[in-house]
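J.: What shape does this take:
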Amino acid sequence: MACKLCAWLCGRFCADPARSFWQQSEDWERAHSNDYTLWLEAPVEHRERAEAALAAFDTDPEASFGVLRELADAGMAWTMETVGSYYAHDGVVAADFALAQDYYCRAIEGGSWMATIGYAKLLARHEDFGGCEAVLQDGVEQGFIPAWFWLARYRLKQSSRAAVCREVRPLLEHAADAGHPAAALYLARLKLLGKFGFREIPAGFRQILKVVERSSSEASASRNTPVEAAG
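T.: Take a look at the predicted model:
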């Protein structure tokens, strides 16, 4: 039953490619990070160059990336995290672990909370779960809610034994209570799968339906919200 339900949920979440469930979750994380603060802390001329580069990215991604990297090298923490994310994946530039690590670490030193998540994901993809957990634990200690979810997720990735599920439950509950969409989904799914005992399966089912309803509602609201022209 649980597997069929998860398949159905995936179908619901992936119904809108432009705004998937995971995109909603990432949007929530960025909204609860210090991204905007870092942006405002940068010199006006740096922000203007970054805005122009982002606006031209679709037509000339290589040149735009070059500008973002220049700004990162000039000390703009916001673009350090962005450049790190490009080096973490094949795309505009070839994936380069060392460069991604360098820019993520510089972004973290510059105060970027989102860089802790990107760096942890990079380490996990290279199966350095010890380093991944250390980065996320630092985020937890700093009170960055997304770090609570990702620490739980990567511990579960290594083992889904009932003991591990019980261990990460407080992390998921804390993040879910704060409104993290993916934390709410994971917590409900573990309940549905009986990881916390059979008595919590019905609650898990109800909570998953709430996550689906909320995700669908937010996706619909996004589609129906007109985009305002820049002044």
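J.: the helices in this protein, which residues?
T.: Per DSSP state H, the chain carries helices over the ranges 2-13, 21-31, 35-41, 44-55, 61-73, 77-88, 97-109, 114-125, 129-141, 145-158, 162-177, 181-192, 201-224.
J.: Could you export these as JSON lines, including mean pLDDT?
T.: Listed next are those as JSON lines, based on pLDDT from 0 to 100:
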{"stretch": "helix 2-13", "mean pLDDT": "44"}
{"stretch": "helix 21-31", "mean pLDDT": "91"}
{"stretch": "helix 35-41", "mean pLDDT": "94"}
{"stretch": "helix 44-55", "mean pLDDT": "95"}
{"stretch": "helix 61-73", "mean pLDDT": "96"}
{"stretch": "helix 77-88", "mean pLDDT": "96"}
{"stretch": "helix 97-109", "mean pLDDT": "97"}
{"stretch": "helix 114-125", "mean pLDDT": "97"}
{"stretch": "helix 129-141", "mean pLDDT": "96"}
{"stretch": "helix 145-158", "mean pLDDT": "97"}
{"stretch": "helix 162-177", "mean pLDDT": "96"}
{"stretch": "helix 181-192", "mean pLDDT": "94"}
{"stretch": "helix 201-224", "mean pLDDT": "77"}
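J.: hey, which of those helices is tucked in deepest?
T.: Comparing the helices of the chain by mean neighbour count (mean count of other Cβ atoms under 10 Å), helix 77-88 ranks first with a mean of 25. Glycine gets a C-beta too; all of them are placed from N, C-alpha and C.
J.: contacting residues around the spatially most central residue of the chain?
T.: For the chain, E26 is the residue whose C-alpha lies nearest the centre (Cα atoms, centre = their mean; 4.2 Å). By Cβ atoms under 8 Å, 6 or more residues apart in numbering, E26 lies in contact with nothing.
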